[in-house]
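Undergrad: This is a predicted model, with the sequence first.
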Amino acid sequence: MPGDLRARALHVLQSVFGYPAFRGEQADIIALIAGGGDALVLMPTGGGKSLCYQIPSLLREGCGVVISPLIALMQDQVDALAELGVRAAFLNSTQSFDEMLAVERALRRGELDLLYVAPERLLTPRCLEMLDGVPIALFAIDEAHCVSQWGHDFRPEYIRLSVLHERYPQVPRIALTATADFQTRDEIVHRLQLDGARQFISSFDRPNIRYQIVEKENVRRQLLDFIRNEHRGDAGIVYCLSRKKVEETAAFLNESGIAALAYHAGMDSGTRSAHQARFLREDGIVMVATIAFGMGIDKPDVRFVAHLDLPKSIEGYYQETGRAGRDGLPADAWMAYGLQDVVQQRRMIEESDADITFKRMQSARLDAMLGLCETIGCRRVHLLDYFGQASTACGNCDTCLAPPQSFDATEEVQKLLSTIYRTGQRFGAVHVLEVLRGSDSDKVRQWGHDKLSTYGIGSDKPEPEWRAILRQAIALGLVEIDHDNYGSLRLPEGARAVLRGERRVAMRHYQKPQKQRRPAARASGFAEIELSAPQQALFEKLRWWRVETARSHNVPAYVIFHDATLREIARAMPVTIDELRQVSGVGEKKLETYGEQLIALVSGEA
């Protein structure tokens, strides 16, 4: 980056956004885009992706055009930029015709630094013709993984965004995402015609997030214990697979004294919008949702993300858990997982209308997700390895903090496989386990399975332990589920070697689910600002001030200041404007707007 451009970029970072220095590869990315180059940027949620196009938009002539699928969040993004003194607007289907005209006039008059546009709106002849007549600083394609037809967030409009290269070949483009495996990266490059773009792949690690996967038992009670013990009063997101489960879980939490809202695609748009607005603007709300909620959620103080059902892939899990702890403060990714999750996900793949290639890809991604759940090693190492990043044990996941015990499960698996074989590979998990454990049920007697040689050979173990063994056997590919035959269990070719004693099988020891509290230890690579009692009191005072200020401005609280900034103010206790200017996250516009109020609060004069 030329010296003068580097100095200008750093000045914008400090004076507008209030940050003292660039992080990671931000400076190189900004240099490339500001200089007219193209880039593909993979950076974890909360890693500062938006600065990579916002600062070049302020450095280059014209208006930066940001293509984003997140219509519900555009208003908040524009409000946040307005608080910083940046001239921003959006165009999407929520606006009236007069509102849209006002934005178009501002763009033509050169009064905008950034314009957020939904892909559907961008691709209309009216919008493209308007852009033809104005100087464009750059195109930023946010959530670029939406271009992948293999992905869970596929948006067909994204495929047509190749028109940007064809129509505006001299305008730099930057595609950004937090989630993309090797195949998705290739698809982004191909479909967006970014063959000459430089790729920036940051670390996928989020050291402030603690990963925990527990054995599913009474899942709502487990969730309630987790929230009460570790996150009482915190904002969080709970993901469920079905709409019915979303509504029932939200109702259960409310009845248990936890402020919770529901969100799914079956609700009317007005209710969904109202619930999302409350979640973004109020503190301590738990949103219970299907994955229809949350892509690109910009709320920095989500302290936990919980999954009550198994995600379909590691990509989905990584993106959804990445909505926690965007402010860099401690957060939890908690999931309850059981045998029925495996059965359900396999059935969904088999019963889908997709072609065989897509089904195989989905099965491979599910296998990788099961591997993460069943690993006896560090979860973070397993997770990062999936994205091609080597790492060492993190000390901040459940398997590091309480290492699971493994055992030679060959004999147990042989008993299980033999029972499946001798019952004719025609029965589901419940019946097979009843035969294995010697249950005196009507169905077992009806089929004469109480006479089998395998009847009762597993009576030494309780049902939950056998269910854990069966689940792991499915994850290892030693048992398959035949969804064409009512979910019966069958033996694949790989089971033969185990039955013959030619292959040994190691598994995790079953552990009965227990109430757990947050351990005191944190990751060695993570540092949190510790506050004294007086500083903590000031922090709470600042948070209340922020709530009232945000309400008067009609914006979410985090648009005023992030928790991390308020914590730093409470720690530093600045008593002059110059001292306040040194706090990360306090730019010149916010200093001008809120400086005197903050000094008064710190000094005890307010």
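TA: Here it is on my side, so go on.

Undergrad: Just give the number of residues close to the residue lying closest to residue 289 once chain neighbours are set aside.
TA: Nearest residue to residue 289, sequence neighbours excluded (CB to CB, 6 or more residues apart in numbering): residue 263, at 4.0 Å. C-beta here means a position set from N, CA and C on the backbone, and glycine is covered the same way. By other CB atoms under 10 Å, the residues close to residue 263 number 23.

Undergrad: Can you give me the distance of residue 263 to residue 456?
TA: The spacing between residue 263 and residue 456, counted by CB to CB, to the nearest Å, is 48 Å.

Undergrad: How about residue 224?
TA: 37 Å.

Undergrad: When these two are compared, which one has more neighbours?
TA: Shown here are residue 224 and residue 456; by other CB under 10 Å, residue 224 has more neighbours (18 against 15).

Undergrad: just checking, what packs against the helix or strand harbouring the more buried one?
TA: Counting by DSSP states H and E, the element that carries residue 224 is helix 219-230. Helix 219-230 is packed against helix 243-255, strand 302-307, strand 331-337, with contacts defined by 3 or more CB pairs under 8 Å, 6 or more residues apart in numbering; DSSP states H and E.

Undergrad: Do a quick rundown of the helices in the stretch 351-500 of the chain.
TA: Here the stretch 351-500 of the chain has its helices, by DSSP state H, counting those that start in this stretch, at 356-374, 379-386, 398-401, 410-422, 429-437, 442-446, 463-475, 495-499.

Undergrad: So, low pLDDT: which residues of this structure?
TA: 1-3, 72, 149-153, 294-297, 513-529, 606 (pLDDT under 70).

Undergrad: just to revisit the earlier point, you'd agree the residue nearest to residue 289 is up against residue 286?
TA: No. Counting by CB atoms under 8 Å, residue 263 does not reach residue 286; the two are 10.9 Å apart.

Undergrad: re earlier: what about the helices of the stretch 351-500 of the chain, which gets the closest to residue 211?
TA: The closest of those to residue 211 is helix 379-386. By CB to CB, the value is 4.4 Å.

Undergrad: what packs against that closest one?
TA: Using 3+ CB pairs under 8 Å, 6+ apart, helix 379-386 sits against strand 209-215, helix 314-321, helix 356-374, helix 398-401.

Undergrad: How far away from the center of its chain is the last one?
TA: A distance of 21 Å separates the C-alpha centroid of helix 398-401 from that of its chain, computed with CA atoms, centre = their mean, to the nearest Å.

Undergrad: Pull the CA coordinates from that helix and hand them back as PDB.
TA: Output in PDB follows, covering the C-alpha atoms of helix 398-401 (Å, rounded to 0.1, in the frame of the first residue of the first chain):
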ATOM      1  CA  ASP A 398     -15.800 -29.800  26.700                       C
ATOM      2  CA  THR A 399     -13.400 -32.500  25.400                       C
ATOM      3  CA  CYS A 400     -10.400 -30.500  26.500                       C
ATOM      4  CA  LEU A 401     -11.800 -29.400  29.900                       C
END
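
Undergrad: Contacts for the helix ranked longest in the chain, please.
TA: Selection of the longest helix in the chain by residue count, based on DSSP state H, yields helix 533-553. With CB atoms under 8 Å, 6 or more residues apart in numbering as the test, helix 533-553 has contacts from 79, 83, 281, 283, 531, 556-557, 559-561, 563, 566-567, 569-571, 573, 594, 597-598, 601-602, 606.

Undergrad: sorry, back to before: and the helices and strands packed on helix 379-386 as JSON lines, adding distance to residue 146 and mean neighbour count?
TA: Listed next are these as JSON lines, based on distance: least, CB to CB, whole Å; neighbours: other CB atoms under 10 Å:
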{"stretch": "strand 209-215", "distance to residue 146": "23", "mean neighbour count": "23"}
{"stretch": "helix 314-321", "distance to residue 146": "11", "mean neighbour count": "24"}
{"stretch": "helix 356-374", "distance to residue 146": "17", "mean neighbour count": "17"}
{"stretch": "helix 398-401", "distance to residue 146": "32", "mean neighbour count": "18"}
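
Undergrad: To residue 55, which of those lies closest?
TA: Here helix 314-321 is closest among those (CB to CB), at 24.6 Å.

Undergrad: What is the distance between stretch 455-470 and the centre of its chain?
TA: With CA atoms, centre = their mean as the basis, the mean position of stretch 455-470 lies at 35 Å from the chain mean.

Undergrad: Quote the end-to-end distance of it.
TA: 17 Å (CA to CA, to the nearest Å).
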